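**Q** Compute the structure for the input listed below.
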Amino acid sequence: MAQNPTNYSSPEALKDGRVTFRLFAPGAKTVATVGAWDNWQQHKMTRDAAGLWSVTIGPLANDIYEYKFSVDGLDMLDPKNGEFRPMTNRVEVNRGSKDIVWQPQNVPHGTITVMPYDSKSAGIQRRAHIYTPPGYEDASRERYPTLYLLHGSGDNDSHWSSGLGRANVVIDNLIAQGKIPKMVVVMPHGHIYLDGKQAPQDAIERDIVEDLLPLVDKRFRTSKRRAMCGLSMGGGQTVTVGMKHPELFSAFGIFSAGIFNGPQFETAISTFEKSVRDPAKQPLIWVAIGKDDFLMRQYGELKTRLNRNLKATYVETEGGHVWHLWRQYLADFAPLAFK
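**A** Numbering: from 1, shown residues only. Take a look at the predicted model:
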């Protein structure tokens with residue numbers, strides 16, 4: 001009996017770090033795999049007699065990567081992979097390492113709470129994901145610093161704690177390693193839609209500052225020590241919301257930021273500059289980006305503006321606008337946020 005060509009697996013992560021991708025598309029003329037491991041370069045797949053296309057990539061470094069297929073020039077998901085976002089799948093590469101910061105370890109785990117709340121400033125109900133550290137329920141009097149962790153434009157408040165972001169896993173492991181204090185992590189929804197249209201960015205500022213932050217401090221045992229960081233759009237909001245309120249936040253992590261010159265941008269940095277009376281005590285500004293990121297021009301604009309009167313730490317890594325950098329940036333920034 002002939003083998004069923006639709007009975008195949010994809011992706012197949014091999015022990016040596018290589019990954020094989022497959023797609024049954026007998027009518028296709030060209031098929032390629034496109035992935036975040038090399039900034040979305042196309043890797044042409046080959047077709048067997050039955051119409052099963054395949055390609056083997058790597059070896060890749062241990063990490064979680066997004067990918068998709070290009071079929072006759074059209075993007076599509078991998079139908080054999082249940083791990084997906086709206087436009088990409090993901091594959092995990094781990095060649096037996098047991099100490100990867102985003103890999104679940106045998107350590108105490110925190111809790112993720114999904115918190116709906118009424119945003120008076122926006123006039124709608126909104127939602128945030130809240131991480132509380134291991135032992136939070138038992139330490140009835142202890143108060144914790146709070147990290148506000150913001151997502152990118154294509155995501156929502158669930159993505160930092162998803163199988164792709166794994167912020168809770170990163171924080172669990174860093175706490176267990178003694179690299180960070182126990183903390184509460186607040187993951188807001190970075191978009192507000194009113195009457196079917198996205199509201200201006202100042203609506204996010206009002207929601208976080210006037211609604212979400214007071215509610216978090218009321219419902220959870222938080223201290224007055226707060227930091228903010230975010231990726232892409234969330235990196236921009238870290239500037240336009242967080243740095244505009246130095247009375248509320250004392251450390252800022254700006255990852256692959258979507259920053260554009262404009263009044264909100266200038267107002268936020270000017271407000272922050274006026275708050276810095278002693279340069280030696282300036283709050284931390286930590287900026288990171290991949291060298292192949294399409295936002296490098298905006299990064300340069302931000303760097304030029306910050307360097308006028310402020311001190312910042314700049315980190316440039318290999319890679320583009322991809323999640324496997326942002327998980328590492330979180331792991332690098334978190335130990336600095338509450339020193």
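
**Q** Take stretch 74-88, keep the C-alpha atoms, and write them as CSV.
**A** Extracted in CSV, the C-alpha atoms of stretch 74-88 (Å, rounded to 0.1, in the frame of the first residue of the first chain):
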residue,chain,number,x,y,z
LEU,A,74,1.7,33.8,-0.4
ASP,A,75,2.4,33.5,3.3
MET,A,76,0.7,30.6,5.2
LEU,A,77,0.9,28.8,8.5
ASP,A,78,2.2,25.3,9.0
PRO,A,79,-1.0,23.2,9.2
LYS,A,80,0.9,20.5,11.2
ASN,A,81,1.9,22.9,14.0
GLY,A,82,-0.6,23.8,16.7
GLU,A,83,1.8,26.4,18.2
PHE,A,84,0.9,29.6,16.3
ARG,A,85,0.2,33.3,16.3
PRO,A,86,-2.1,34.9,13.7
MET,A,87,0.6,35.0,11.1
THR,A,88,3.4,32.7,12.3
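
**Q** same question for that stretch, mean pLDDT?
**A** Mean pLDDT, computed over stretch 74-88, is 87.

**Q** how far does that stretch sit from the chain's center?
**A** A distance of 19 Å separates the centroid of the chain from that of stretch 74-88, by CA atoms, centre = their mean, to the nearest Å.

**Q** Dump the top helix by length along the chain to PDB, restricted to CA.
**A** Taking DSSP state H as the criterion, the chain has its longest helix at helix 323-337. The C-alpha trace of helix 323-337 is given here as PDB (Å, rounded to 0.1, in the frame of the first residue of the first chain):
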ATOM      1  CA  TRP A 323      11.000  37.500  19.900                       C
ATOM      2  CA  HIS A 324      14.100  35.500  20.700                       C
ATOM      3  CA  LEU A 325      15.900  38.800  21.300                       C
ATOM      4  CA  TRP A 326      13.200  40.300  23.400                       C
ATOM      5  CA  ARG A 327      13.100  37.400  25.900                       C
ATOM      6  CA  GLN A 328      16.900  37.800  26.300                       C
ATOM      7  CA  TYR A 329      16.500  41.600  26.700                       C
ATOM      8  CA  LEU A 330      14.000  41.000  29.500                       C
ATOM      9  CA  ALA A 331      16.400  38.600  31.200                       C
ATOM     10  CA  ASP A 332      19.200  41.200  30.900                       C
ATOM     11  CA  PHE A 333      17.200  44.200  32.000                       C
ATOM     12  CA  ALA A 334      15.300  42.600  35.000                       C
ATOM     13  CA  PRO A 335      18.400  42.300  37.200                       C
ATOM     14  CA  LEU A 336      19.100  46.000  36.700                       C
ATOM     15  CA  ALA A 337      15.600  47.300  37.200                       C
END
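
**Q** For the strand or helix carrying Ile175, name the packing helices and strands.
**A** Assigned by DSSP states H and E, Ile175 falls within helix 167-176. Packing partners of helix 167-176 (3 or more CB pairs under 8 Å, 6 or more residues apart in numbering; DSSP states H and E): strand 124-132, strand 184-188, helix 323-337. Backbone N, C-alpha and C define where each C-beta goes, glycine included.

**Q** Show me the one of these that comes nearest Pro263.
**A** Closest approach to Pro263 among the helices and strands packed on helix 167-176 is made by strand 184-188 (22.6 Å; CB to CB).

**Q** The helix or strand of the chain with the lowest mean pLDDT - contacts with which helices or strands?
**A** The least trusted helix or strand in the chain, going by mean pLDDT, DSSP states H and E, turns out to be strand 197-198, with a mean of 78. If you count contacts as 3+ CB pairs under 8 Å, 6+ apart, strand 197-198 packs onto no helix or strand.

**Q** what does the helix or strand following that strand contact?
**A** Note on strand 197-198: by DSSP H and E, the next helix or strand toward the C-terminus is helix 201-206. Helix 201-206 is contacted by residues 121-122, 188, 190-192, 194, 237, 240-241, 244, 264 when judged by CB atoms under 8 Å, 6 or more residues apart in numbering.

**Q** avg pLDDT for helix 201-206?
**A** pLDDT averaged over helix 201-206 gives 89.
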